[in-house]
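Student: This is a predicted model, with the sequence first.
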Amino acid sequence: MKLSTNYLGLNLKNPFVVSASPLSEEVSNIRLMEDSGASAVVLYSLFEEQLEQEERELEHHLTEGTESFVEARSYFPQVGDYRSGPDEYLDLIARAKMAVRMPVIASLNGYSMGGWTDFARMIEEAGADALELNIFYIPSNLNMTGAEVEQNYIDIVKQVKEKVKKIPVAVKLGPYFSNLANMAQQLDQAGANGLVLFNRFYQPDIDLRNLEVQPNIVLSKSYDMRLPLRWIALLKGRIKADLAATSGVHTGWDVIKLMMAGANVAMLNSILLKKGIPEIRNVEQTMVEWMTENEYESVKQMQGSMSAMNVPHPARFERAQYLRALSKFEV
């Protein structure tokens, strides 16, 4: 049984990749992921705000008191030349690379053009095998057009690709575009080596007792997998970038469906937070049993077999079956 796959030019022993989460904050957990069968890990995200805050603090310490002695400023390095950024994250990359053989993928989370993208080069130098660019942006400016929002994504990807030359870059994005297919094509043309579908945006809630807006993180369910499944099936074979599925991947059956849709890898997170990292073994066992029963010899054999390009009725991924689905619904 050959479970191997290829993602971002990385040869992986299977399609089970652990997505960015607090689980990767400890090297011991990363080692357990590999021991449990994961083929790669995406480290927790480093946020644009963290990098900007550190640079502001550095600027403050470099310039504090220099207004009285202007000539003293010449003795300090310029902020743009200073190697600022969370040293802990770079250290984690180095320690993880020493602890495991599987690829270690770093993650940067941002939403605007700026100096924070310079950290991508530091991540490359620290030894990461790839970079996942997690663009989390909720446009609320009434005067900002959809085209401007999309261009911001493209510009960020291009800026990051200019920083890193040796490692591949994947883009993790949400589904909220007027034409996701065109957006995927633009990101592909901008140099993205892979697309990760989809980001689960943080949704705030209102605390009625204290009348406060509060964060509310809700873990995914298996049915959340259907959204990335649909779009992976629609995009497979139409763009060059690899396709990773994330959100709602809980079982071996979920992984099988996503592989058939055309995914290169399936990323697990919520199920590991619920049941523990060793749950990866159960996901793998379910998949292997199904493949054996149905006489599949490899993951590559099934990849894309049920994409829109390979099924008799590709419109079923779009609108054609909407009325039929509603008519069959039973309360």
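Tutor: Happy to help now that I have it. Numbering: from 1, shown residues only.
Student: contact partners of the helix or strand encompassing Arg281?
Tutor: When elements are assigned from DSSP states H and E, Arg281 belongs to helix 279-293. With contact meaning C-beta atoms under 8 Å, 6 or more residues apart in numbering, helix 279-293 is reached by 1, 3, 14, 16, 18, 33, 36-38, 250-253, 255-256, 268, 271-272, 296-297, 302. Using the backbone N, CA and C atoms, a C-beta is placed for each residue, glycine as well.
Student: chain center to it: distance?
Tutor: 24 Å (C-alpha atoms, centre = their mean, to the nearest Å).
Student: Tell me the first helix or strand C-terminal of it.
Tutor: helix 299-302.
Student: Buried ones in that following helix, by neighbour count?
Tutor: For helix 299-302, a neighbour-count test (16 or more other C-beta atoms under 10 Å) marks 299, 302 as buried.
Student: What is it packed up against?
Tutor: Under the contact criterion of 3 or more C-beta pairs under 8 Å, 6 or more residues apart in numbering; DSSP states H and E, helix 299-302 touches helix 252-261.
Student: Any chance you could list what contacts the helix it packs on?
Tutor: Helix 252-261 has contacts (C-beta under 8 Å, 6+ apart) with 15-16, 222, 225, 228-230, 232-233, 236, 245, 248-249, 266, 282-291, 299, 302-307.
Student: How are the strands of the stretch 1-150 of the chain distributed by residue range?
Tutor: Secondary structure of the stretch 1-150 of the chain by DSSP state E, counting those that start in this stretch: the strands cover 5-7, 10-12, 16-18, 40-47, 104-110, 130-135.
Student: any idea which of those strands is most buried?
Tutor: strand 16-18 (a mean of 27; mean count of other C-beta atoms under 10 Å).
Student: Tell me which strands that one pairs with, and in which orientation.
Tutor: Take DSSP bridges as the rule and strand 16-18 pairs in its sheet with strand 40-47 (parallel), strand 265-268 (parallel).
Student: Now do the next helix or strand after the last one, average pLDDT.
Tutor: If I follow you right, that is strand 265-268. For strand 265-268, the following helix or strand on the C-terminal side (DSSP H and E) is helix 270-275. In this model, helix 270-275 has an average pLDDT of 95.
Student: Need the contact partners of helix 270-275.
Tutor: Residues outside helix 270-275 that contact it (C-beta under 8 Å, 6+ apart) are 18, 21, 23, 219-220, 248-251, 279-280, 283.
Student: Which of these ranks first by neighbour count?
Tutor: For the contacts of helix 270-275, the largest neighbour count, defined by other C-beta atoms under 10 Å, is 30 neighbours, found at Val249.
Student: For Ile123, see how far away it is.
Tutor: Distance, Val249 to Ile123, using C-beta to C-beta, to the nearest Å: 25 Å.
Student: and if you look at Gln151?
Tutor: According to C-beta to C-beta, Gln151 and Ile123 sit 25 Å apart.
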